[in-house]
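Visitor: no letters, just coordinates:
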């Protein structure tokens, strides 16, 4: 009896791990539109390949939206499982001081990708590069184009891992949504996530463009994150900004005024600030609180001038500085996107309700997570989850497209 034939369309993290899960039992064909697989994977690793995070259990789940729908995905393939899989590839990992997990020092992103590709080759996965998905036929079978020639793919199951819409230079354009819409599968417009926020930039702030705001805490909605931010030409970005973007985006979508609440001194309580400022003359107050020039510029920009001058609200402003947000930076600048295929179009195993032999994974699905290893982990975990479901189905004899 022939082995089940599976097509995986998209050669990013979700597609690659899915191919590995299925290759021992199935005849796997992986299609990628670029000359090589893993282009976005390599771009993500340019500053250090942050693969996952040491967070586990509810701490890990709490980083994802929607939390409850991602629970079975992350429970089945958590941090330990991902690190074990990488170790099996010959890629040991370590936990950094921030809790982020990286390949052992000296192992480059390209070497990690090569280890994955070599393993797929050893398992007999058929890798088809420069093959572009261009739609479906009347029977919901995928059509692939190469060098102007189109062909329909006949398989037992198909898994799509075509990515979101950020970093278009890597091929993630979100153009696939039109083909799923034509199939009767509803998709959501893509929106920027893990991106910078736009502020009213005064001249006093522009002097400090490119400079960091270190050791701060930023809150928006029910999100509260400690880290750093950098002043940009348009506003703020950084690891203390990205996790609160979902709350900002939702407020803007509702037509409400969005704002960041910034604690410039998270290590000091208001009572401690009060003691430091007791008896200090106005000119000494900033020094007593140990505010640097960037923090002072931010206070000055978003505190009414008279209150800034007389210092009557200094403690409140230092701990709860309200910074109105005008908007989010565009998708092209975003690290990731939300949108794509909503969960109510999917079964729990990430197959389409309308077409249960078609599966989706990675950023095609409408989930969100901050940087810090959670994005990449989510892609690997959804790919593993969908592939495991395919494997179970074909092993139970449910063949056919």
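Guide: Sure thing, it's come through. Note that the structure is a prediction, hence the values are computed from the model and not measured.

Visitor: and residue 38, what does it touch?
Guide: 11, 12, 13, 16, 113, 116, 117 (CB atoms under 8 Å, 6 or more residues apart in numbering). Where you see a C-beta, it was placed from the backbone N, CA and C, and this is true even at glycine.

Visitor: ok, residue 289 next?
Guide: With CB under 8 Å, 6+ apart, residue 289 has these contacts: 265, 268, 273, 276, 277, 314, 318.

Visitor: now it. Its backbone dihedrals?
Guide: phi -80, psi -10 (degrees, to the nearest 10).

Visitor: in terms of pLDDT, where does it sit?
Guide: What the model reports for residue 289 is a pLDDT of 81.

Visitor: from residue 20, how far off is it?
Guide: According to CB to CB, to the nearest Å, residue 289 stands 53 Å off from residue 20.

Visitor: just residue 203 next, same as before
Guide: Distance from residue 203 to residue 20, by CB to CB: 54 Å.

Visitor: which of the two has more neighbours?
Guide: Taking neighbours as other CB atoms under 10 Å, residue 203 and residue 20 compare with residue 20 leading, 21 against 8.

Visitor: which SS class is that one?
Guide: helix (DSSP: H, G, I helix; E, B strand; the rest coil).

Visitor: quick one: it and residue 121 touch, right?
Guide: No: if you go by CB atoms under 8 Å, residue 20 and residue 121 don't touch, sitting 11.1 Å apart.

Visitor: from the chain's centroid, how far away is the longest helix along the chain?
Guide: Assignment by DSSP state H gives helix 374-395 as the longest helix of the chain. Remark: helix 374-395 is offset 17 Å from the chain centroid, using CA atoms, centre = their mean, to the nearest Å.

Visitor: hang on, the earlier thing: using TSV, lay out the contacts of residue 289 together with neighbour count and distance to residue 136.
Guide: As requested, the contacts of residue 289 are exported to TSV (neighbours: other CB atoms under 10 Å; distance: CB to CB, whole Å):
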residue	neighbour count	distance to residue 136
265	20	56
268	18	59
273	19	62
276	18	66
277	16	67
314	21	62
318	23	57
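
Visitor: among the residues you listed, which ones are in helices?
Guide: Per DSSP H, the contacts of residue 289 map to helices at 273, 276, 277, 314, 318.

Visitor: wait, which of these is closest to residue 72?
Guide: residue 318 (43.0 Å; CB to CB).

Visitor: give the residue farthest from the middle of the protein.
Guide: Largest separation from the mean C-alpha position in the chain: residue 279, at 47.8 Å (CA atoms, centre = their mean).

Visitor: check it and give its pLDDT.
Guide: pLDDT, residue 279: 70.

Visitor: again with residue 401
Guide: So residue 401 comes in at 47 (pLDDT).

Visitor: now do residue 46
Guide: Reading off the model, residue 46 has pLDDT 75.

Visitor: quick one: contacts for it?
Guide: Counting by CB under 8 Å, 6+ apart, residue 46 touches residue 109.

Visitor: many thanks, have a good one.
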